[in-house]
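Asks: 3D model of this:
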Amino acid sequence: MRYALVFPGQGAQEVGMGKSLYDTFDAARDVFQKADHALNFKLSQLIFEGPEEKLTLTAFTQPAILTASIAAYRVLTESMGVSLKPAFLAGHSLGEYTALVAAGALSLEDGVRLVHLRGSLMQEAVPEGKGAMAALIGLEPDVVEEVCRRVAPNKECQAANFNSPGQVVISGETSFVEKAVEEAKVQGARKAVMLKVSAPFHSNLMVPVADQLQKAFEKCQWNLPHCPIVANVSAQPVFTVEDIQKALFHQTYSPVLWADSVLYMASQEVDTYLELGPGTVLAGLIKRCQKGLKTYSAMNEEDLRIIAALFNEGGAA
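Replies: Down below sits the predicted model:
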């Protein structure tokens, strides 16, 4: 078995995620407590108790998902004693920051502070109602890009997430995204729907966010990752701190090449993907990218023990 660790992005959050791990494992409790201390507010209370409408605000969602995902990772590696040596790590959008924490390139504290800032800046970058995103199902990527060019020649609307074959998310100014949705239906999209999001992620409207994040990068302690990270922006591994920072900078306003990232890892003989964190979205996308890939998703003790058993039985290379 040649495997990769993957970490979910925004949208996977749910009230109560990680609470059972917090109650059971010292490793998880330590993660949540360190995140609270780093942010100087009770993120853990918000995660465990809600309210949901506050947890879904981008500024809180991003550090919440990173914290819960790292708690699952630490329970697996510390409490359950699994020695993980993945071929690659990768994460979807926000999840790329989680991957960097898991790989030792960033501390947990710097990671949660960065994504809290990232979420806050994204929330504030565009006035409410001016930006939007939409999911287009059933069109090839080149058709989606042509739709965007046709309705938004100055890139007021762009492809933002290439998630899997036939699933592309677009992002940009609301009026142009709405026009693109209608044009996509004309071009034969099986489904084209506006998404309930608070900002137009991975579009040119996020360029000011990238500039401010660049300054924040300079205040963090960076290390070489102990495993290659497959970057969203290129679907290729990055190894150096300089390349990691460039990838994160461009990722802010560039499309997430998730499908290509999976295909790259599969081309390197990765056949198993461990999704650590809330939800099962990435597992579903991975299976649609290439047939025959195995996936495991874990955010509770039972699922983590299933993954641990794979290694205890000697099935991991």
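Asks: pLDDT below threshold where in this protein?
Replies: Low-confidence segments of the chain, defined by pLDDT under 70, are located at 314-317.
Asks: At which residues are the helices of the stretch 51-200 of the chain located?
Replies: Remark: helices assigned in the stretch 51-200 of the chain by DSSP state H, counting those that start in this stretch are 52-55, 58-74, 94-102, 108-125, 141-151, 174-186.
Asks: Compile those helices into JSON lines and extend it with columns for mean neighbour count.
Replies: (Each C-beta comes from the backbone N, C-alpha and C, glycine too.) Compiled in JSON lines, these are given as follows (neighbours: other Cβ atoms under 10 Å):
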{"stretch": "helix 52-55", "mean neighbour count": "13"}
{"stretch": "helix 58-74", "mean neighbour count": "27"}
{"stretch": "helix 94-102", "mean neighbour count": "29"}
{"stretch": "helix 108-125", "mean neighbour count": "22"}
{"stretch": "helix 141-151", "mean neighbour count": "18"}
{"stretch": "helix 174-186", "mean neighbour count": "19"}
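Asks: And those helices: which comes nearest Lys219?
Replies: Shortest distance between Lys219 and the helices of the stretch 51-200 of the chain, using Cβ to Cβ, is found for helix 108-125: 8.2 Å.
Asks: I would like the residues contacting that closest one, please.
Replies: Outside helix 108-125, the residues within contact range by Cβ atoms under 8 Å, 6 or more residues apart in numbering are 31, 34-35, 37-39, 43, 57-63, 66-67, 70, 94, 97-98, 100-101, 106, 198-199, 201, 205-206, 208-209, 212-213, 216-217, 220-221, 252.
Asks: Stretch 287-298 too?
Replies: The contact list for stretch 287-298 (Cβ under 8 Å, 6+ apart) reads 72, 76, 164-167, 259, 262-263, 266, 271-276, 279-280, 282-283, 286, 303-304, 306-307, 310.
Asks: Selecting buried members of those residues in PyMOL, what would you type?
Replies: Command for PyMOL that selects the buried part of these, burial taken from 16 or more other Cβ atoms under 10 Å:
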select buried, resi 72+76+164+166+167+259+262+266+272+273+274+275+276+279+280+282+283+286+303+304+307+310
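Asks: What about the closest residue to Asp243 other than its chain neighbours? Give its phi and psi, please.
Replies: Excluding the flanking residues, the one nearest Asp243 by Cβ to Cβ, 6 or more residues apart in numbering is Ala231, at 7.8 Å. Recorded main-chain torsions at Ala231 are phi -80, psi 140, according to degrees, to the nearest 10.
Asks: Correct me if wrong: Ala231 contacts Ala247.
Replies: Yes. Look at Ala231 against Ala247 with Cβ atoms under 8 Å: they come within range, at 3.8 Å.
Asks: And the strands in the stretch 151-300 of the chain?
Replies: Assigned by DSSP state E, counting those that start in this stretch, the stretch 151-300 of the chain shows strands spanning 157-164, 167-173, 191-194, 229-230, 237-238, 272-276, 294-298.
Asks: can you redo the ones you listed as JSON lines with distance to Gly9?
Replies: Formatted as JSON lines, those follow (distance: least, Cβ to Cβ, whole Å):
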{"stretch": "strand 157-164", "distance to Gly9": "9"}
{"stretch": "strand 167-173", "distance to Gly9": "11"}
{"stretch": "strand 191-194", "distance to Gly9": "18"}
{"stretch": "strand 229-230", "distance to Gly9": "14"}
{"stretch": "strand 237-238", "distance to Gly9": "18"}
{"stretch": "strand 272-276", "distance to Gly9": "11"}
{"stretch": "strand 294-298", "distance to Gly9": "14"}
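Asks: Appreciated, that's everything.
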